[in-house]
Every structure is written in C-alpha cells, then in structure tokens.
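Enquirer: Here is a sequence with its predicted model. Questions after.
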Amino acid sequence: MLKIQNLSVGYGKQMIISNLSVSIPKGKITALIGPNGCGKSTLLKTLIRINKPMAGDVLFDNESLSTYSDKTLARSLSLLPQILVSPEGITVRKLVEYGRSPYISHWGRLGKDDQIIVKQAMHDTGILEYADQLVESLSGGQQQRAWIAMVIAQNTDIVMLDEPTTYLDMSHQVELMNLIRQMNAKGKTVIVVLHDLNQACRYCDHLIVLEQGRLVTEGSPDEVLTETLLSHVFDLKAHVFCDPISNTPMCVAI
C-alpha cells in the first residue's frame, strides 16, 4: 500500500532521511525503531504529507502522494502525533467527531451514519461513558484513548501513531497496544513509532530499523532483533531471549 522510493527529507539544510527505500506491508502492524534522531517521526510526517520530500517519492496504491487531494488522503491515511494538545473546553464527543472531518458535508454537519461511527469509536476505546466530559478532566490514559477514538472515527485504511505509549504507565501501555491489535484485526494497516524494543517485538508483525535516516534492516521480530543489532545500532550490550509469554524475542540489558 505504501512504498517509499529513494526518499530524502530534511529541515533547511539538515538532511534527516537520506535515500530511503522501503515498503510498508499491507494488513500488518509495522514498528519504526531506532535511536533518537534517526528520522522515525520525520518519516511518519512525510507519509502523511506534512513534510515535503527533497528527493524521491512516496507511493500509495502505486500513485504518488502528491497526486491525492487533501480530503482523499485524509480518508486513507491518519496520524496520531506524539504531542497532543486538546483545545480547552472541548468534550470527548467533540474531539472524536473531528475524526469525521474528511467526510462531512459542505454544511459542516455530521450525518446519522457519522454519529453512529463516532459512538462506536468511543465504545471500542472504552470512553463512551465519558462522552460529555471535558477531555482535560480525564486521566492521561483516558485522554490517549479519546485521541485514539478520533483516529478510529476517521476510518482510514492506514493508521500511523507516533510514540503513543511514551507518557503512559505500564498498564495503560498494554491497554493501548492491545487496542492497536484490535484495529489491525479489523483490517487496518498500522505503523507505529516505538522506543520499547520488547514492546515492538511482542505486538508488531514487522520491524523497520533506522539509523541516521537510513534503513539498517527490516523483517519480523525474530529476524531483526539480534544482539549484534542492539550493539551496533543502539550501543546496547544485551542478551536476546524468547519471551515466555508471547514467544517473541526479548532483550535484557547486561
């Protein structure tokens, strides 16, 4: 669905991503991993056309992203950014309704089908009971679920999330990753930036490893997570074991 061809992206004269070519497998959960500053977030923003390539291209269904209208693209690709700022005085329901923006009429009103989708998104994320509460009054985990509900309501084939677990405690991280799995089970292709390597291996089907804006390797967690990779890319001395619960690779620092 998404094919990145010889992509270079930067800010001003600083090159962040250099001549990157990689494809996102359809119907899978793909994690972008790598050291800080390697270009993970920059890549996500380029995939949704926030950043403009300096060279190369991104193809969606074999067509350049540049050929799509904003509304068409917003019906196909969605992004939950790393930094989330809710407008003051907005309810959970209103926030989730924003996800229907690419579909609303010229009059700016939600139709009956839109309302059903919004309610279902809140139900699926466990926040329906908070629909009329202010987003700012919720806990961090509840707020994150409200934002996820907005993305679900957008109903795109591809969902991208930038470090969605960073500010959550362990129980809420598990809850969120299970929610991502549920989205994937309903046919969504998911691309997620993660710093927790064990989390990436447990919940994701495909890993893409970046270093200084270049592709190091890609593949299944079993193929990618090795002690050599941890040493060379992350400067981490660690052993790799089999997670006894998920039967996926798990690294333990020495």
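Expert: Yep, that arrived. Numbering: from 1, shown residues only.
Enquirer: Walk me through the domains of the protein.
Expert: 1-76+156-226, 85-155 (automatic domain parsing).
Enquirer: The host helix or strand of Ile116 - contacts with which helices or strands?
Expert: In the assignment (DSSP states H and E), Ile116 maps to helix 112-124. Counting contacts by 3 or more Cβ pairs under 8 Å, 6 or more residues apart in numbering; DSSP states H and E, helix 112-124 packs against helix 92-97, helix 140-154. For every residue, glycine as well, the C-beta is placed using N, CA and C.
Enquirer: Go ahead and name everything in contact with the longest one.
Expert: If I follow you right, that is helix 140-154. 74-75, 78-80, 84, 86, 92, 95-102, 117-118, 121-122, 124-127, 130, 135, 138, 159, 161, 164, 167-169, 171-172, 175-176, 179, 183 (Cβ atoms under 8 Å, 6 or more residues apart in numbering).
Enquirer: From the residues you listed, list the buried ones, please.
Expert: Using 16 or more other Cβ atoms under 10 Å as the burial test, these include 74-75, 78-80, 84, 86, 92, 95-97, 99-100, 102, 117-118, 121-122, 124-125, 127, 130, 135, 138, 159, 161, 164, 168, 172, 175-176, 179, 183 as buried.
Enquirer: that older thread, any idea which of the helices and strands packed on helix 112-124 scores lowest on pLDDT?
Expert: Mean pLDDT is lowest for helix 140-154 among the helices and strands packed on helix 112-124, at a mean of 91.
Enquirer: what's the angle from that one to helix 112-124?
Expert: With axes from the mean of the first three to the mean of the last three Cα atoms, to 10 degrees defining the directions, helix 140-154 sits at 150 degrees from helix 112-124.
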